[in-house]
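# dropping a prediction and its sequence here:
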Amino acid sequence: MTPRRTTAGGAGAPGARRAGTAASGTDGRLPSQGGVTPSRGRAAPATRPAQPTRARSGERQPARRIPPAGPSATRGPRLGRPEGRQRLLALATVFVLGVFALRLVYVQGFEGSALADEALNRRLVTTVLPANRGQILDSKGVVLATSVERFNIIADQRAIAAWKPTTAQGQVLASGPEGAAAKLAPVLGLSAPELGARLLGDRVYAVVAKGVTAQVWQQIAALRIAGIAAEQTSERVYPAGNVAGNVIGFTGAEGTGLAGIELTNEKVLTGEAGEWTYERGRTGQQIPSGAGGETPAVPGSSVQLTIDRDLQWKAQEALDTQVRATGADWGVVVAMDVKTGAILALADSGTVDPNAPGASKGVARGSRAVSNVFEPGSTAKVVTMAAALETGLATPTNRYTVPYAFTTANNQTFHDSHPHVDLKLTLAGVLAKSSNTGTVMIGQDIPQQVRYDYLSKFGFGTTTDLGLPGEAKGILRPADKWDGRTKYTVLFGQGLAVNAIQATQVFATLANGGVRLQPHVIKDYRDPNGIVTPPKLAAPTRVVSEKTAKQLLLMMESAVDEGTGTLAAIPGYRVAGKTGTAQASDGHGGMTGIVASFIGIAPADNPRIVVSVILSNPRSSIWGGEVAAPVFKDVASYALQYLGVPPSAPAPPLFPVTWN
């Protein structure tokens with residue numbers, strides 16, 4: 001049987017009344033409704049239940065009716081349940097704390113060392129330790145150039161602005177840039193206002209003073225001014241002043257070589273800088289027990305010269321004196337050791353003082369002995385004589401009748417320096433009397449290419465690689481480029497140009513038995529460990545035979561004894577030499593200038609030194625035998641005694657100069 005669906009309070013439904021009666025009492029009414037019965041066929045109107053009254057004492061209260069559950073029932077508000085939200089919040093909190101904990105563990109366990117290193121690196125300061133520049137020494141080890149320790153005073157302007165020194169009682173003293181300047185000015189020798197201006201600003205690195213001594217820096221450090229520090233540097237000094245200043249050169253503000261040996265040996269002299277790393281505190285001071293270290297600087301190697309300081313001084317003194325006496329524009333003196341090619345003295349008039357190079361004119365800051373070229377004039381006649389002897393064209397005693405004027409086959413006419421009647425001269429006499437016409441008469445029979453070859457073999461037209469900057473190679477054009485006159489003028493030293501070193505090495509070659517050595521001013525290099533390295537020099541080159549060289553020495557002795565160089569004679573020593581006078585450029589395109597010279601060898605019987613003297617535009621006389629030969633005598637006499645060279649033995653009979 002299918003059960004019936006029942007609806008509470010539905011009209012006409014079987015059993016509705018019974019249901020209502022059972023629920024409300026015997027008459028179907030609630031106690032408070034008065035027993036009203038709804039009409040048949042209509043739904044009973046809803047009645048509002050009566051509000052319960054407060055029970056009197058001892059009375060029984062009726063039970064509260066609970067509405068039936070169902071779709072039609074009215075729901076009241078429900079209370080929240082916070083347990084879920086609390087659990088969610090707790091889980092989120094635990095998660096966040098866990099992330100922080102893991103990050104902390106990671107940072108401490110894996111990044112802690114890196115962070116600590118980064119913090120330390122921020123406190124570390126690295127300062128460059130400059131390397132001392134190598135010394136320049138003379139041939140005996142006397143210091144000609146050296147570096148001394150100096151300090152640059154540095155200011156942190158921000159730290160100085162915040163500097164407020166106090167007394168033991170806490171009283172603030174003069175502070176900031178003004179107070180710092182007042183303390184520093186007397187030590188640095190500056191005015192307080194000037195110094196205060198240097199300390200005022202917002203820079204963390206400002207140079208206050210350069211090149212102060214260690215003693216001055218110690219006095220500054222004792223003042224304990226916050227923001228004042230020092231960086232080590234060095235200063236180049238030249239104890240001998242201007243002695244050999246033309247050879248040594250000088251350095252610039254940054255310590256690099258600008259001239260002379262300082263320039264050409266920059267890499268050798270420059271050392272390797274070091275480093276000093278230290279940990280600093282908040283105010284910039286060094287933490288005594290902090291981290292850090294030092295890599296010592298390695299000084300540069302020293303350069304020892306062949307120059308002898310005393311000989312150099314003598315050469316400069318004698319030259320400067322003669323330049324003033326003759327009114328010459330400038331002059332040079334070269335003294336060379338004929339056995340080695342070493343330059344013992346190389347003097348320029350008005351030599352620069354490397355301690356104050358700015359006080360000298362630009363043209364005087366180098367060496368004219370290597371940079372200036374000139375026509376050698378009659379000193380080059382020895383090359384023509386060497387070629388004539390070496391090729392067998394002539395002997396020292398060959399006889400010639402020498403006129404004042406001589407005209408060649410191609411109608412080129414040449415004259416001697418002074419008018420004269422025909423002279424009966426030997427080959428030795430032509431050299432001794434320095435006859436242009438006689439030299440052309442002899443040399444015209446030497447093939448043109450041979451003339452060039454001997455000039456080239458003696459070193460004309462090529463640099464000597466002396467070791468100084470700005471060396472000129474001179475002028476020697478190829479033989480096939482000579483015009484109809486030049487092919488004769490080269491025989492007596494015109495139509496070509498040389499520097500003083502090239503002119504000197506011709507005589508040094510003859511003094512060395514006909515073997516040419518490379519002239520040089522560097523004796524050796526000495527590294528910081530004391531290892532000595534000699535310079536690389538060109539191999540010796542034989543130019544003429546020993547016989548020819550000896551014959552030429554005797555011929556040049558006649559030039560001193562009976563010829564144009566009598567003022568070069570040195571008592572007790574045999575001297576061989578040659579005078580020279582040649583035209584030179586006047587700097588305005590003309591050839592009105594004059595170069596007067598004398599180059600000599602002593603002792604002639606056992607040669608030790610060659611000394612050359614060149615004067616540009618002497619006003620007192622244009623003749624080398626009059627203005628240059630006396631300087632040779634002065635310098636060579638000093639050198640022979642200084643070097644301890646014994647006097648010469650009596651001379652044998654010289655070659656005759658004239659013939660009957």
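Noted; the coordinates are in hand. Residues are numbered from 1 along each chain as shown.
# part of a strand, is Lys487?
No - assessed with DSSP: H, G, I helix; E, B strand; the rest coil, Lys487 is helix; it does not lie in a strand.
# neighbours around it, how many?
Residues contacting Lys487 under the criterion other CB atoms under 10 Å number 20. Yep, even glycine has a C-beta here, placed from its N, CA and C like the rest.
# from Tyr525, how far out is it?
Lys487 sits at a distance of 45 Å from Tyr525 (criterion: CB to CB, to the nearest Å).
# before we move on, which element is the spatially closest residue to Leu199 that is not a sequence neighbour in?
Leaving aside its sequence neighbours, Leu199 sits nearest to Pro177 (CB to CB, 6 or more residues apart in numbering; 4.0 Å). Per DSSP states H and E, Pro177 falls inside helix 176-188.
# Glu557: what secondary structure?
Following three-state DSSP, Glu557 is assigned to helix.
# what about it, distance to Asn265?
Distance of Glu557 to Asn265, computed by CB to CB: 40 Å.
# which of these two has more neighbours?
More neighbours surround Glu557 than the other of Glu557 and Asn265, with 26 against 21 (other CB under 10 Å).
# tell me the contacts of that one?
Arg574, Val575, Ala576, Ala604, Ala651, Leu654 (CB atoms under 8 Å, 6 or more residues apart in numbering).
# out of everything not next to it in sequence, what's closest to it?
Ala576 (4.7 Å).
# do the same with Gly484
If the residues on either side of it in the chain are set aside, Gly484 comes closest to Asn410, at 5.2 Å by CB to CB, 6+ apart.
# go on, Pro528?
Nearest residue to Pro528, sequence neighbours excluded (CB to CB, 6+ apart): Pro299, at 5.2 Å.
# which stretches of this structure have low pLDDT?
Within the chain, the stretches with pLDDT under 70 are 1-80, 106-121, 280-286, 289-290, 586-591.
# show me how it divides into domains.
128-171+178-305, 309-351+368-642 (automatic domain parsing).
# ok, what's across the strand from Ala497?
Following DSSP bridges, Ala497 is listed with bridge partners Ile475.
# follow-up on the earlier one: point out the most buried one among the domains of the chain.
domain 309-351+368-642 (a mean of 21; mean count of other CB atoms under 10 Å).
# for the stretch 101-250 of the chain, which segments count as strands?
Secondary structure of the stretch 101-250 of the chain (DSSP state E, counting those that start in this stretch): strands at 124-129, 136-137, 143-155, 206-212, 228-237.
# what packs against the shortest one?
Looking back up the chat, that one is strand 136-137. If you count contacts as 3 or more CB pairs under 8 Å, 6 or more residues apart in numbering; DSSP states H and E, strand 136-137 packs onto strand 143-155, strand 302-305.
# equivalent analysis for the third one, please.
In this structure, strand 143-155 makes packing contacts with strand 136-137, strand 206-212, helix 214-222, strand 228-237, judged by 3+ CB pairs under 8 Å, 6+ apart.
# quick one: contacts of the third one?
With CB under 8 Å, 6+ apart as the contact definition, helix 214-222 has outside contacts at Glu149, Arg150, Phe151, Ile153, Leu184, Val187, Leu188, Val212, Ile228, Ala230.
# these: which two are farthest apart?
Pairwise distances across the contacts of helix 214-222 peak at 20.4 Å for Glu149 and Leu184 (criterion: CB to CB).
# now do the same contact list for the residue nearest to the spatial centre of the chain.
Geometric centre of the chain, nearest residue: Thr256, 3.2 Å, by CA atoms, centre = their mean. Listed by CB under 8 Å, 6+ apart, the contact set of Thr256 reads Glu266, Thr270.
# please, where are all the helices along the stretch 401-550 of the chain?
Taking DSSP state H, counting those that start in this stretch as the test, the helices found in the stretch 401-550 of the chain are 427-432, 436-443, 448-457, 486-489, 500-511, 546-561.
# could those helices be laid out in JSON lines, adding distance to Ser360?
Listed next are the helices of the stretch 401-550 of the chain as JSON lines, based on distance: least, CB to CB, whole Å:
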{"stretch": "helix 427-432", "distance to Ser360": "39"}
{"stretch": "helix 436-443", "distance to Ser360": "38"}
{"stretch": "helix 448-457", "distance to Ser360": "35"}
{"stretch": "helix 486-489", "distance to Ser360": "36"}
{"stretch": "helix 500-511", "distance to Ser360": "19"}
{"stretch": "helix 546-561", "distance to Ser360": "36"}
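# wait, which of the ones you listed is closest to Val532?
Short answer: helix 500-511, nearest of the helices of the stretch 401-550 of the chain by CB to CB, at 25.1 Å.
# so how far is Ala636 from the residue nearest to Leu199?
Separation of Pro177 from Ala636 (CB to CB) stands at 64 Å.
# could I get the helices and strands packed on strand 143-155 in JSON lines, plus columns for distance to Gly170?
Putting these into JSON lines (distance: least, CB to CB, whole Å) gives the following:
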{"stretch": "strand 136-137", "distance to Gly170": "57"}
{"stretch": "strand 206-212", "distance to Gly170": "29"}
{"stretch": "helix 214-222", "distance to Gly170": "22"}
{"stretch": "strand 228-237", "distance to Gly170": "23"}
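# what's the closest of these to Thr509?
Nearest to Thr509 among the helices and strands packed on strand 143-155 is strand 136-137 (28.2 Å), distances taken as CB to CB.
# who's in contact with the closest one?
Contacts to strand 136-137, defined as CB under 8 Å, 6+ apart, come from residues Val143, Leu144, Ala145, Thr146, Ile248, Ile261, Glu262, Leu269, Ser302, Val303, Gln304, Leu305.
# got the angle between the strand or helix carrying Val382 and helix 448-457?
Applying DSSP H and E as the criterion places Val382 in helix 381-390. Between helix 381-390 and helix 448-457, the angle comes out at 120 degrees (axes from the mean of the first three to the mean of the last three CA atoms, to 10 degrees).
# coming back round to it: for the helix holding Pro177, name the packing helices and strands.
When contacts are defined as 3+ CB pairs under 8 Å, 6+ apart, helix 176-188 packs onto helix 157-161, helix 192-199, strand 206-212, helix 214-222.
# alpha carbons only: can I get that helix in PDB?
Presented in PDB, the C-alpha positions along helix 176-188 are these (Å, rounded to 0.1, in the frame of the first residue of the first chain):
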ATOM      1  CA  GLY A 176      87.100  72.900  10.600                       C
ATOM      2  CA  PRO A 177      89.200  74.200   7.700                       C
ATOM      3  CA  GLU A 178      90.100  77.400   9.600                       C
ATOM      4  CA  GLY A 179      91.500  75.600  12.600                       C
ATOM      5  CA  ALA A 180      93.300  73.000  10.400                       C
ATOM      6  CA  ALA A 181      94.900  75.800   8.300                       C
ATOM      7  CA  ALA A 182      96.100  77.600  11.400                       C
ATOM      8  CA  LYS A 183      98.000  74.500  12.600                       C
ATOM      9  CA  LEU A 184      99.300  73.400   9.200                       C
ATOM     10  CA  ALA A 185     100.400  76.700   7.800                       C
ATOM     11  CA  PRO A 186     103.600  77.100   9.900                       C
ATOM     12  CA  VAL A 187     104.700  73.600   9.100                       C
ATOM     13  CA  LEU A 188     104.200  73.900   5.400                       C
END
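# which other residues reach that helix?
So helix 176-188 is contacted by 153, 157, 160-165, 173-174, 190-193, 195-196, 199-200, 208-209, 212, 216, 219-220, 223, 225, 227-228 (CB under 8 Å, 6+ apart).
# if we go to 6 Å?
Residues from elsewhere that reach helix 176-188 (CB atoms under 6 Å, 6 or more residues apart in numbering): Ile160, Ala161, Ala192, Leu195, Gly196, Leu199, Leu200, Ala209, Gln219, Ile220, Leu223, Ile225.
# same check on stretch 602-614?
Against stretch 602-614 from outside (CB under 6 Å, 6+ apart): 332-336, 338, 500, 504, 507-508, 511, 553, 557, 573-576, 597-601, 628, 631-632, 635-636, 639, 645, 648.
# try 7 Å
Residues from elsewhere that reach stretch 602-614, judged by CB atoms under 7 Å, 6 or more residues apart in numbering: 331-338, 344, 500, 503-504, 507-508, 511, 553, 557, 570, 573-576, 595, 597-601, 628, 631-632, 635-636, 639-640, 643, 645, 648-649.
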